[in-house]
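> 3D model of this:
(chains A, B and C)
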Amino acid sequence: MRSWRVLTLGVLTLAGLLGVWGLDAGQTAVGQAQGAICLYFDQTGPGDLSFNDMALLGAQRASEAFGLELRTATAAGEASYLPDLQTFARSGECLVIIGVGFLLFDALPEAARQFPDQKFAFIDGPSFDLPNLLGVLFREQEAGAPVGVVAALVALANGDSLIGAVAGAEIPPVWRYEAGYRFGAHWAVDWYNRHVGEGASIEVRVPYTGRFDDPALGKTTAEALIREGARNLLGIAGGTHLGMFDAVEEAARAEGREIGPPFAYGADAAQEYVKPGFILASGRKRVDVGAFEAVRRALSGEFGGDILLGLKEEGTGFSTVQDVKTFIDLAVQAGYPLDGTPAEVLHKVIQARISVPAYVWVALDEFQSALKAGEITLPEADTPEQIAEVRERYP
Amino acid sequence: MSARLGGLRVLLEVGVALLLGLALGAVLMALWGYDPWKAYQALFQGALGDRFGIANTLSRATPLILTGLTFAVGVRAGLFNIGAQGQMILGALVAVLIGGLLDLPPGLHLPVTVLGAMLAGALWSLPAAFLKLTRGVHEVISTIMLNWIAYWFTGYVVIAYLSQGRRSLQVDPTARFPLIMAGSDLSYALLLSVLLAGLVYWALWHHVAGYELRAAGLNPEAARYGGVRPNRSLVWAFLLGGLAAGGAGAVEVLGRLPFAITNDLSNLGTLGFDGIAVALVGRNHPLGILLSAVFFGALAAGRTMMGYRAGVPFDMIQIVQGVIILAIAAPEMWRIARLRPRRARTPAAAGPAGTGTEGTEGGEGGERERERRQA
Amino acid sequence: MDFAILLVTVLPVALRVMVPIALAAIGEVFAERAGVVNIGLEGILVISAFFAVVGADAFGSPWAGLVAGVLAGLGVGLLHALLSIYLKGDQIISGVGINLLGLGLVGFGAVVLWGSRSFQVPNALWVPGIPVPWGSVSPLVIVTVLAAPFTWWLLHKTAFGLRVKAVGENPEAADVVGVPVERVRLLAVLYGAALAGLGGAALSLDWTHTILNTLPAGRGFIALAAVVFSKLNPLLALFGGFLFGYFDALAIQLASAGGAGEEGQIPYQFVRMIPYLATLIVVAGAIGRARFPQAIAQPYRRE
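The predicted structure follows:
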């Protein structure tokens, strides 16, 4: 077994040598005047044309506006969260370390506790009452609820009594979307019964796939929902619900339609451009606003606490035509091949919106103003008990 | 003699392959306009540049050692046991249950939790052993299926009974591994991994049952003829592997944040599958696995820094790592110049020796002889 | 929905789920007969799914995409063959490397080409279905169903098949009688990789019309299970792929029939276990012991 000893010795020597070399690199890199914006993604990183790219966009805007260097990194698995954050903090190079993504829920506060002089921001999570951690929270309910209103009314107009959603894993941001969606749908039924017809009812079905990365699973799940009679489907499953988009387009085309029904609804980004005509609308989450705001506050000195971005702050909500345009531009910039010219895509998105009864948009307006005015309170869904209650109240 | 030569040869081969892999990765990065020098510097700095980097590397290696052992013990017994993933998941579940729900005095809580998790892993390896022995079901099928069953089952328990928002309840501080180094997440879990690697080494090379296990793995028929009961060895291999995999689950839950299981089990990752590569690069030898796990740990630890300091995108890093592993797969890559080797038999490469996975097995020929005499 | 009707309605879905799994499994059966294991099926699936989309996009035709997918599969197969056959490398490590490479390559390539990690294939590039009385059937389902008997025929009724089995069982003896061991193994690996490549192309161009670096999501590993399930019989590999597809489709339909967490509902996690439990039960009850070629996973060295 002496060979193994030799082997170990060799490897350790090599490691030592390389270590010295690497240490050298670390030291030469230090020395920023004001510090950089350090953007840390919990998984996959930029390129999703959605949540992560929005955060990057906000940080880029801040970088230009305030003349700061921007650095990004993506975690290699959850085990690297805390060590990575510690390394960033230790380097002293970051004005603010912005953690992007709910999964940093435990690591960010821990790092903030260990490095009280370093500013941290948490996109999609709270501040935990730490003075050096800024929480940027979104009220996903207020993005899910308007979609629920529209989905339910479009369903009723088409004679359906079932709407659905393809959900990812069971985590609070997804629960909040679901809670809003369910609430919105039931509010819409009441509205419909008051203004349009009588005795209408809607059932909301939200199967969880447990995954955010499996489009085939999303497609099979959506097909199952469509077979059950749900022809308005919200996607709250990241990459998984791309398969749902496809199932909806396929079902519509099988009936010879270039524009739904069935209709899909996107989440986080205005995803209409992905399948114009078949994606009617999206629940929006302005992650860019959050990222920009985190940098602004880090510079201004007032830091800590929570920013809650909801419908009123235009942090979450129903995708407007302007949102759709923004994302078409974003896609064009990134080089995403649209199905047609930007104008054609936008035209088809608007066509789809015109194709549903006009009262749908009247109801949506009414709902959103009531929500902004505080006349409607959406249910909370941060724990399994809360979402279970929501499911029971708004089946 | 051959054992020593074998070890040196392995070092040389892996070393050259690694350099080749790094060079290929550098070419790829340069082709797309990234600075490979800066990238690798960042990688090494992140992984080994200071004591924090080294701590991070060792911390990432900790569970990989254990799941690597699971696969390696299987191979030694002639099994292709890829059930570490499911066994690891159930180990983690039991670690959360005992560590989070049971009130035990400090000093006792941690060992009991670890033991419980390891037993859970061992228990989940039994269906595969049972199905193989009674119904002849190949372990590749049974373990893949059992992995998924463990995944969905644990997902259900976590969400239905243990969830506090995004994750299960956390284990009590008394059940957590204490840190070796403050400011890092390197905990004494490393000790558990190294001890288990030592235990496996002792069991396999210095104990009759281990000798029988390896004999059964090399040639069950001959072993049976020689008085070995292959079935018993097979069960031992599954159990030992399950213990290690369950330990990996414990290490992940009791050794670092979030000290819990997330709702979608994402913090457990694919540790079980990663162990396969760790074991194979370590030539299915416990000591080799220690080194190989440190290597993979260093890749994981230094990876983020490649993005942070050199701006290399996440996916490019994955490509470079894939290339490195591919280069390691073919340790004789440097023979690429002469694809048809017509070399004479050399002692080091004689017999079944030097053939891929079995690289060290041949080298152990002399050693086996020695042990037989001991036995 | 009535349960009996349900059992029939999920059939077309099951066929779609079957295609990539069965194609990869049938191909792998052939390669393993020659003694070469490739656990990089997951990687082949995703790489070929990606290049299928690239090809379809570049030539404006789904058929070109399918060809590109097969070519990409061949490329990865060639890499695997080079490492494991000619360089005597470890087949399993090579497979692990291919899987990792696939994740990175497709993630990176998609961003380079389309500015996004995911891309949805426009309708014009979908593989058109063949109309049948109850809707339409994908031509790839038919290809898959035909690939199994063809592979069986190739393996058992041709001289090439005989050589494949010979180099898998006893490469030394095959070498002695003049069979070019390495070349036969190379061809077997390429055949397997080409089928897996077609499976990957089916996954992106025919089934999901989407590309994402996690698109196979474990189906390559299920294909490996199907290979073992088949006892290296291509016909059984097809059956294994179908069986899994059927139970998978059934489970998803059942899980979607009720909402999450509703009263009296079986938790969806248990429903999702169905395909795995069913496979285990079928294998334990009916399939039994698998036998592999003597020289499997071992590089051949001419002494």
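> who's in contact with the closest residue to chain A within the stretch 51-200 of chain C?
In the stretch 51-200 of chain C, the residue that lies nearest chain A is C:Gly115 (2.9 Å; CB to the nearest CB). Where C-beta positions appear, they are placed from N, C-alpha and C, glycine not excepted. Going by CB atoms under 8 Å, 6 or more residues apart in numbering or on different chains, C:Gly115 touches A:Gly47, A:Leu49, A:Ala331, A:Gln333, A:Ala334, A:Gly335, A:Tyr336.
> the third one and A:Lys325, how far apart?
Taking CB to CB, to the nearest Å as the measure, A:Ala331 and A:Lys325 are separated by 11 Å.
> state the pLDDT value of the closest residue to chain B within the stretch 151-300 of chain A.
Nearest to chain B, among the residues of the stretch 151-300 of chain A, is A:Ala169, at 3.4 Å (CB to the nearest CB). pLDDT recorded at A:Ala169 is 87.
> can you give me the strands for the chain?
Since you didn't name a chain, this refers to chain A. Secondary structure of chain A by DSSP state E: the strands cover A:36-41, A:70-74, A:94-100, A:119-123, A:133-138, A:162-167, A:203-205, A:232-236, A:263-268, A:279-285, A:305-309, A:316-318.
> I was thinking of chain B, sorry if that wasn't clear
Using DSSP E, strands in chain B cover B:163-164, B:167-168.
> of the contacts of C:Gly115, list those near chain B.
Within the set of the contacts of C:Gly115, contact with chain B (CB under 8 Å from any CB of the partner chain) is found for A:Gly47.
> from the contacts of C:Gly115, which would you call buried?
A:Gly47, A:Leu49, A:Ala331, A:Tyr336 (16 or more other CB atoms under 10 Å in any protein chain shown).
> among those residues, which are in helices?
A:Ala331 (DSSP state H).
> now the two most distant members of the buried ones among the contacts of C:Gly115.
Greatest spatial distance in the buried ones among the contacts of C:Gly115: A:Gly47 and A:Ala331, 11.9 Å, computed using CB to CB.
> list the residues that contact both of these two?
By CB under 8 Å, 6+ apart, the residues touching both A:Gly47 and A:Ala331 are C:Gly115, C:Ser116.
> show me where chain C has strands.
Going by DSSP E, chain C shows strands at C:119-120, C:130-132, C:135-137, C:210-211.
> ok, which of those strands comes nearest chain B?
strand C:210-211 (13.4 Å).
> packing partners for the closest one?
helix A:240-254, helix C:41-59, strand C:119-120 (3 or more CB pairs under 8 Å, 6 or more residues apart in numbering or on different chains; DSSP states H and E).
> if we use 7 Å, what do you get?
helix A:240-254, helix C:41-59 (3 or more CB pairs under 7 Å, 6 or more residues apart in numbering or on different chains; DSSP states H and E).
> could I get the ones you listed as a markdown table with mean pLDDT and distance to chain B?
Converted to a markdown table, the helices and strands packed on strand C:210-211 look like this (pLDDT from 0 to 100; distance: least, CB to the nearest CB, whole Å):
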| stretch | mean pLDDT | distance to chain B |
| --- | --- | --- |
| helix A:240-254 | 94 | 11 |
| helix C:41-59 | 96 | 8 |
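> return the most buried member of those helices.
Among those, ranked by average contacts under mean count of other CB atoms under 10 Å in any protein chain shown, first place goes to helix C:41-59 (a mean of 28).
> how far does that helix sit from the chain's center?
Centroid separation for helix C:41-59 versus its chain: 13 Å, with CA atoms, centre = their mean, to the nearest Å.
> number of nearby residues for residue 297?
This is for chain A. 19 (other CB atoms under 10 Å in any protein chain shown).
> you answered for a different chain; I wanted chain B.
Neighbours of B:Gly297 (other CB under 10 Å): 24.
> cool, B:Leu28 as well?
Quick note: B:Leu28 (other CB under 10 Å) scores 17 neighbours.
> need the contact list for it.
By CB atoms under 7 Å, 6 or more residues apart in numbering or on different chains, the residues touching B:Leu28 are B:Ile319, B:Val320, B:Val323.
> near chain C too, which of the residues you listed?
B:Ile319, B:Val323 (CB under 7 Å from any CB of the partner chain).
> mind putting the contacts of B:Leu28 in a markdown table, pLDDT and neighbour count included?
Converted to a markdown table, these look like this (pLDDT from 0 to 100; neighbours: other CB atoms under 10 Å in any protein chain shown):
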| residue | pLDDT | neighbour count |
| --- | --- | --- |
| B:Ile319 | 85 | 26 |
| B:Val320 | 80 | 29 |
| B:Val323 | 85 | 24 |
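> out of the contacts of B:Leu28, who's nearest B:Asp50?
B:Val320 (22.6 Å).
> contact partners for the residue nearest to the spatial centre of chain A?
The centre of chain A sits closest to A:Asp268, judged by CA atoms, centre = their mean, with a distance of 3.8 Å. By CB under 7 Å, 6+ apart, A:Asp268 lies in contact with A:Ser50, A:Phe51, A:Lys285.
> the first one and A:Val274, how far apart?
So the one you mean is A:Ser50. For A:Ser50 relative to A:Val274 (CB to CB), the value is 10 Å.
> repeat for the second one
Plainly put, A:Phe51 is 15 Å away from A:Val274 if you go by CB to CB.
> which one's more surrounded, these two?
For A:Phe51 versus A:Val274, neighbours defined as other CB under 10 Å are more numerous around A:Val274 (28 against 24).
> what about that one, distance to A:Gln322?
18 Å.
> what's around B:Arg229, how many residues?
Around B:Arg229 there are 12 residues (other CB under 10 Å).
> tell me how many other residues crowd the nearest residue to it once chain neighbours are set aside.
Of all residues not flanking B:Arg229 in the chain, B:Glu212 sits nearest, at 7.4 Å (CB to CB, 6 or more residues apart in numbering or on different chains). Per other CB under 10 Å, the neighbour tally for B:Glu212 reads 21.
> show the model's pLDDT score for B:Glu212.
82.
> same question, A:Glu258
Looking at A:Glu258, the pLDDT reads 91.
> next one: B:Leu5
52.
> got the residue ranges for the helices in chain A?
A:2-29, A:51-66, A:81-91, A:107-114, A:141-157, A:172-195, A:215-228, A:240-254, A:287-300, A:321-334, A:342-355, A:359-372, A:384-393.
> so which of those helices gets nearest B:Trp202?
helix A:2-29 (14.3 Å).
> what's the neighbour count on the residue nearest to A:Leu137 when sequence neighbours are not counted?
Of all residues not flanking A:Leu137 in the chain, A:Leu308 sits nearest, at 5.1 Å (CB to CB, 6+ apart). Neighbour count of A:Leu308, defined by other CB under 10 Å: 15.
> ok, B:Leu195 next?
Count around B:Leu195 with other CB under 10 Å applied: 11.
> thank you, goodbye.
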